[in-house]
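1. sequence and predicted structure, then a few things I'm wondering about:
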Amino acid sequence: MFFHSSKRIYREMGYYEDQSGILRRYRREKQGWDAHLQNTRKFVLQSALGKDRHSCLILGSGWLLDVPLDELSHIFDLVTLADIRHPSQVKQKAQKMGNVKLITCDISGFMQSVYHYVRQYRYKKERPPLDSLTPTLLPDLDNYDFVCSCNIINQLDILLVDYLLQFFDLDKDELRVFREKVQNYHLQNLPVQHSCIVADYEEKIYSPDNQLIKSNISVYHPITTKPDAQRWTWIFDTGMTYHAGKKTTFEVLATEI
């Protein structure tokens, strides 16, 4: 089964605040976000229609902004939503639909390891490298006819790294190796020929007058170079609050694996 952690750990590591922040930003940036969300929902349905129709798993369901739950519930006998928390309105909707199951879990598999790593080494002068961290064994996802990694892959490592940086000075190379490890573990667990992934893989930062200042890679895996992937730009932040005084977009890919 999926690994479950305590609400205290989720809260302390910033997962609840991050999830709430997503909805607040969507409300501020609705016009820019809606095209991205519509593209995601369309691709998920397109991918789902080619699979057997017994069971479906959505990894990173959140507020269901990018999940076509109504349509999926008509396609599959059972739809399972997995995330660190399911908002009350999602719980209510799932209960009414009858064939939607909710699992509260750590999708990354690394939360428990990171939490205890900090507890063990935060006051010591020396610590093992981050590469020594091992994930909790995830369940066999082959039991599902269709698995969707829904705009989640680069978020898996962000909060883990943010939490680590509160206690340790970490160099870029060590962080990149750890980010790659978390993301690769996620992708390796997706069943081949039964999965799809939607992911924002590159962040672009612009000046107020739309001049490109910087770009940052956020997914460290060859999947970003797949020639047959669908691609679009997510207008993420025009209010210039994500990066103070700067606009932010993300390059997104959607592909079956």
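-> Thanks, I have the structure now. Numbers count the residues shown, from 1 in each chain.
2. tell me the strands beside the helix or strand harbouring Thr248, with direction?
-> Using DSSP states H and E, Thr248 maps to strand 247-256. Note on strand 247-256: by DSSP bridges, its sheet partners are strand 195-206 (antiparallel), strand 230-237 (antiparallel).
3. and the contacts of the next helix or strand after the longest one?
-> Read that as strand 195-206. Once strand 195-206 ends, the next helix or strand along the chain (criterion: DSSP H and E) is strand 212-217. Residues outside strand 212-217 that contact it (CB atoms under 8 Å, 6 or more residues apart in numbering) are 201-207, 224, 246. For glycine as for every other residue, the C-beta is placed from the backbone atoms N, C-alpha and C.
4. export the residues you listed as CSV, with columns for neighbour count and pLDDT.
-> CSV is the format used below for the contacts of strand 212-217 (neighbours: other CB atoms under 10 Å; pLDDT from 0 to 100):
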residue, neighbour count, pLDDT
Tyr201, 20, 96
Glu202, 17, 97
Glu203, 19, 97
Lys204, 17, 98
Ile205, 16, 98
Tyr206, 19, 98
Ser207, 12, 97
Thr224, 17, 93
Lys246, 15, 97
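5. quick one on the thing from earlier: for the strands paired with strand 247-256, which one sits closest to Tyr10?
-> In terms of CB to CB, the element of these nearest to Tyr10 is strand 195-206, at 22.3 Å.
6. now the angle from the closest one to strand 212-217?
-> If you take axes from the mean of the first three to the mean of the last three CA atoms, to 10 degrees, strand 195-206 sits at 150 degrees to strand 212-217.
7. Gln188: how many residues sit nearby?
-> Neighbour count of Gln188, defined by other CB atoms under 10 Å: 10.
8. swap that for Arg8, please
-> Neighbour count for Arg8, taken as other CB under 10 Å: 9.
9. using CSV, lay out the strands paired with strand 247-256 together with distance to Leu137.
-> Formatted as CSV, the strands paired with strand 247-256 follow (distance: least, CB to CB, whole Å):
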stretch, distance to Leu137
strand 195-206, 18
strand 230-237, 32
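10. quick one: average confidence on the lengthiest helix in the chain?
-> Identified as the longest helix of the chain according to DSSP state H is helix 30-48. Mean per-residue pLDDT for helix 30-48: 97.
11. what do you get for stretch 160-168?
-> For stretch 160-168, mean pLDDT is 96.
12. now the helices: where do they sit in the stretch 51-200 of the chain?
-> Here the stretch 51-200 of the chain has its helices, by DSSP state H, counting those that start in this stretch, at 69-75, 88-97, 111-121, 153-165, 172-188.
13. now the angle from the third one to helix 153-165?
-> Interaxial angle of helix 111-121 relative to helix 153-165 (the same axes, to 10 degrees): 10 degrees.
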